[in-house]
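Novice: Structure for the following, please:
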Amino acid sequence: MAAKKKLVVLKQQPKIKRTGPKPKEGKFDVVLSTKKVKKAPAPSLILSPNERKSRAALERIAKDHDALEEASLLENFPQTFIDVGAYDWQCRVLQDLNEKESRVALKAANGSGKTSVIAASAILWHMVRFPESLVVTTAGVWRQVEGQLWPTLRKYVGGLGQGWRITSSELHYANGSRAIGFSTNDPGKFEGWHRQGPTENLLMIVDEAKTVPNEIFTAITRCQPSRLLVMSSPGSSAGAFYESFTKQRKFWDCHTVTAYDCPHLEKGWIAEQIEMYGENSPLIRSMIYGEFMDDSGEGLVLNLKNLEECLQNPPELNMGMRVAFIDFAAGGDECVFAYRNGNKVMEMVTWRERNTNTTIGKIIT
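Specialist: A predicted model of the protein is given here:
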C-alpha cells in the first residue's frame, strides 16, 4: 500500500504562470476580462407601456398647469378669453392691477380704450378668477356706466359661455361673483362695500375719475378694496385724481398715455386737432397728450407740464455747486431756507416770524 502524502502548509503562495494578457494591478490576483460589457439602458428607456402612459399624462398635466397659470394673469386675459389684442401700455396697466393690494392710476388721451379694454377686462377677470368676490364700478356720471361700460361687458360675456347673467347695472357669474355699477355724489351711499369670497377680494374701478368728488374717494378708502383702479382723461390741476399723480404719487402705480400710443387713433385726426386748437392749448394737452390742464394762470416759476415731466422722469443725481436760498417774510407769512447741492435740494426749513431781525439772527446761527 502506497504511503499517504503529507499536506504541507505553504507560507507563500506559489507563483502562477500566465499565458494571457498582463493583469491589472489590484488587491486580488485575478485576471480581468478584456471584453467590454454593455451598460444597462437608462430607466426611462425601459418603461413599461403603462409607465409610459402615466409619464405622458403627467407631462401633459404639467404643460396644462403652466398654460393655466399663464392664462390666469390679468394682462393675458384680453387676448386669451375675449380675443382682444391689447396694446403694450394696456398690458402694463393690467399687469400692475394683477397684484393684490394694488393701486393703479391711469390718465390717458380721449378715446384710448380705457373703458372698453382696461375696465372690462379687469371686471371679467376678477369675477372668473375669484369666486364669490365683488366688483364695484362707478363714474362721475351714470351714462358712463350705463352707456359705455355695461354694453361692452354684455358683448364680451356673450362669447364666454354659459353661467352669466347681466342687467343694466349688475353682472353675476355662476361661481357666485358679481359686479355692480352705479354713480352717486353721496359718500354715504358709497360706503358699505367689503372684501368678499374665500379669497377676500374687492375690486373697485373709478372711471372718468376727474369728475368724481373728493368725498367719494374718501368713501372708497374706507371700503379698503384689495385692488383699486382710477382712470380718466385729465382735467384741471386739482382733486383726488390729480393728487394721485402728484403729492400722493408714491402710493400709486401711475400711467400716462398719449394719443400717439394708440394706433387706432388716426394721425391725421391728431394733427388736425393740434392745428385747430394749438399745440399748447389746455384742450390739446389733455385730449392728445394726457396732461392735466394748467389753469393756474401765467407768471409761474415752474409750469405744471415741466413739473409732471420731472416727476415721471427724475434726472440723475448730480452733485456740484452748493447754493443756499433764503426768503424773508413778514406779516405772518412763512420764511424759507433751502440748501441745494448740485441738482438736489438737501434741506428745506420753513418757519413764521414777524420780526425780521430775529429771522436774520436765526440764519446766522
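Novice: for the residue most central in space within the chain, phi and psi?
Specialist: Nearest to the geometric centre of the chain sits D96, at 1.3 Å (Cα atoms, centre = their mean). With angles defined as degrees, to the nearest 10, D96 sits at phi -70, psi -40.
Novice: what residues are up against D253?
Specialist: D96, S102, R103, V104, A105 (Cβ atoms under 8 Å, 6 or more residues apart in numbering). Just so you know, the C-beta spots here come from the backbone N, C-alpha and C atoms, and that holds for glycine as well.
Novice: where does it land on pLDDT?
Specialist: Predicted confidence (pLDDT) for D253: 93.
Novice: Okay, it and T199: tell me how far apart.
Specialist: 21 Å (Cβ to Cβ, to the nearest Å).
Novice: For I284, see how far away the residue nearest to the centre of the chain is.
Specialist: 28 Å.
Novice: what's the average pLDDT for stretch 194-201?
Specialist: pLDDT averaged over stretch 194-201 gives 91.
Novice: what's the following helix or strand after the helix or strand of the chain with the lowest mean pLDDT?
Specialist: Counting by mean pLDDT, DSSP states H and E, the weakest-scoring helix or strand in the chain turns out to be helix 49-71, with a mean of 62. Going down the chain from helix 49-71, the next helix or strand is helix 77-81, by DSSP states H and E.
Novice: Can you point out the buried residues in that next one?
Specialist: F77, P78, F81 (16 or more other Cβ atoms under 10 Å).
Novice: Just put the residues you listed in JSON lines and tack on pLDDT and distance to N185.
Specialist: Converted to JSON lines, these look like this (pLDDT from 0 to 100; distance: Cβ to Cβ, whole Å):
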{"residue": "F77", "pLDDT": "87", "distance to N185": "32"}
{"residue": "P78", "pLDDT": "88", "distance to N185": "32"}
{"residue": "F81", "pLDDT": "83", "distance to N185": "35"}
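Novice: Go through those and name the one nearest L203.
Specialist: F77 (13.0 Å; Cβ to Cβ).
Novice: hang on, isn't the closest one packed against S121?
Specialist: Yes - assessed by Cβ atoms under 8 Å, F77 is found in contact with S121 at 5.1 Å.
Novice: Overlap of the contact sets of these two?
Specialist: Joint contacts of F77 and S121 (Cβ under 8 Å, 6+ apart) are L94.
Novice: Isn't I216 up against N185?
Specialist: Yes - assessed by Cβ under 8 Å, I216 is found in contact with N185 at 7.3 Å.
Novice: For the two, indicate the residue with more neighbours.
Specialist: I216 (22 against 11; other Cβ atoms under 10 Å).
Novice: Let's see which of the contacts of D253 end up in helices.
Specialist: D96 (DSSP state H).
Novice: Out of the contacts of D253, which two are the most distant from each other?
Specialist: S102 and A105, at 10.6 Å, using Cβ to Cβ across those.
Novice: Looking at those two, which is more packed in?
Specialist: A105 (26 against 17).
Novice: which ones are touching the spatially closest residue to T211 that is not a sequence neighbour?
Specialist: Leaving aside its sequence neighbours, T211 sits nearest to G140 (Cβ to Cβ, 6 or more residues apart in numbering; 2.9 Å). G140 sits next to S183, D207, E208, A209, K210, T211, V212 when contact means Cβ under 8 Å, 6+ apart.
Novice: Looking at those residues, which is nearest T115?
Specialist: Nearest to T115 among those, with distances taken as Cβ to Cβ, is D207, at 5.9 Å.
Novice: my guess is E208 meets A139, correct?
Specialist: Yes - E208 lies in contact with A139 (Cβ under 8 Å); the separation is 5.0 Å.
Novice: So which of those two has more stuff around it?
Specialist: Between E208 and A139, A139 has the larger neighbour count (other Cβ under 10 Å), namely 25 against 22.
Novice: Would you mind measuring from the closest residue to that one other than its chain neighbours to A108?
Specialist: Ranked by Cβ to Cβ, 6+ apart and with sequence neighbours excluded, the top spatial neighbour of A139 is D207, at 4.2 Å. Going from D207 to A108 by Cβ to Cβ gives 11 Å.
Novice: and if you look at D186?
Specialist: Taking Cβ to Cβ, one finds D186 at 28 Å from A108.
Novice: quick one: which of those two has more around it?
Specialist: A108 (24 against 11).
Novice: give the contact list for that one.
Specialist: K114, M231, S232, S233, H255, T256, V257, T258, G290.
Novice: What sits closest to it if chain neighbours are left out?
Specialist: V257 (3.7 Å).
Novice: what number of residues lie near that neighbour?
Specialist: 24.
Novice: same question, L97
Specialist: Neighbours of L97 (other Cβ under 10 Å): 25.
Novice: Surely it touches L74?
Specialist: Yes - L97 is within contact range of L74, at 6.0 Å (criterion: Cβ under 8 Å).
Novice: Mutual contacts of the two, please.
Specialist: With Cβ under 8 Å, 6+ apart as the test, L97 and L74 both reach A122.
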